[in-house]
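No sequence on hand, only this structure:
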């Protein structure tokens, strides 16, 4: 039973039923002050707190000399509950980083190390296999989280300034009108069920995962609720072609056939090749849908909401695709 209590530098000092005073440093760390006298307890507690902080300082200084790889092992254990893809990317990013700068004391890492890391991998990408700016920026994102956590844990006093590379500007690849029609016709003859998925994707702009998880419970006649990146909900309006692709309405259950996501990808590529379409993936249907919406005159802010883009700048990329298309078409006129 706890009787009287007070605090020393924020740490509770309390008297138990035996009238002996104790000090508590954490939920699991406490010690007896071995006295029943309050005045003596205060004096002993002051000394105990000073020793506690001295040990903390020594511990922090010891941790500061840890190698990057040593702290990374601790850091990885704290992220074991995250997605496997995230954990794997953590490991890949760190392996790429250590390959360039070497395994040294974590406090010796500077902003210049990250600049060197980016430069070296850009050069390697030019000579060996493709390492894009986007990929390098993804590595930098994971490294930034790692070093921020090191700062929070007191392993480093100053977190290095990690600057990403300027992203490459690449226009999305889209399916032409003829390619869409060829796919529709091919699937009609060989795989009507997958043809429904292709038609739905092209008339909604939904992602592969959103189509796989689409359920009748979330269908509201003229709209459907889908779950995008980060399980963010959004309502997607349905044009007649999209509704027709969904098939006969049911009360519950998935709208499209269920399988591993990669099955959608592989099946699309197989059918695309059969139609003479190369270099275009399942995701290109989302790009095609967005471009078609712009072509139809739909406001770009509305398209942003339909596609679930967080940043309008992402949606504006499709406007550049339209510009490129129009310039290409006008060349036909200019050649007359």
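Received, thanks. Because the structure is predicted, anything quoted here is derived from the model rather than measured.

all contacts plus neighbour counts: C-alpha atoms, from now on.
Noted.

is it true that residue 210 touches residue 227?
Yes: with contact defined as Cα atoms under 8 Å, residue 210 reaches residue 227; the gap is 5.9 Å.

how about the strands in this protein?
With DSSP state E as the definition, the chain shows strands at residue ranges 5-8, 11-15, 21-24, 30-32, 223-227, 233-237.

got the contact list for the third one?
This means strand 21-24. Around strand 21-24, the neighbours that count as contacts under Cα atoms under 8 Å, 6 or more residues apart in numbering are 11-16, 30-38, 41, 45.

if we can go back for a sec, which one of the strands of the chain lies closest to residue 93?
Residue 93 lies closest, by Cα to Cα, to one member of the strands of the chain: strand 223-227, at 28.6 Å.

What residues sit buried inside that closest one?
Across strand 223-227, burial judged by 16 or more other Cα atoms under 10 Å covers 224-227.

could those go into CSV alongside pLDDT and distance to residue 280?
Below are the buried residues of strand 223-227 laid out as CSV (pLDDT from 0 to 100; distance: Cα to Cα, whole Å):
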residue, pLDDT, distance to residue 280
224, 97, 27
225, 96, 27
226, 95, 24
227, 92, 24
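
which one of the residues you listed is nearest residue 134?
Sorting those by distance to residue 134 puts residue 227 at the head of the list, at 24.9 Å, by Cα to Cα.

Which residue is the nearest non-sequential neighbour of the closest one?
When the adjacent residues along the chain are set aside, residue 227 lies closest to residue 233, with 4.7 Å between them (Cα to Cα, 6 or more residues apart in numbering).

what does residue 284 give?
Here the nearest residue to residue 284 in space, its sequence neighbours aside, is residue 174; by Cα to Cα, 6+ apart that works out to 5.6 Å.

again with residue 228
On the basis of Cα to Cα, 6+ apart, the spatially nearest residue to residue 228 that is not a chain neighbour turns out to be residue 210, at 6.1 Å.

residues in contact with the one you found?
The neighbours of residue 210, taking Cα under 8 Å, 6+ apart as the test, are 226-228.

And the pLDDT at the residue lying farthest from the centre of the chain?
Using Cα atoms, centre = their mean, the residue of the chain lying farthest from its centre is residue 37. It sits 57.3 Å away. Predicted confidence (pLDDT) at residue 37: the value is 90.

Tell me which residues touch it, please.
Going by Cα under 8 Å, 6+ apart, the list of residues near residue 37 reads 20-21.

Residue 199 is in contact with residue 184, isn't it?
Yes: with contact defined as Cα under 8 Å, residue 199 counts as touching residue 184 (7.5 Å).

Neighbour count for the two, which is higher?
Neighbours of residue 199 and residue 184, each counted by other Cα atoms under 10 Å, are more numerous for residue 199; the result is 21 against 18.
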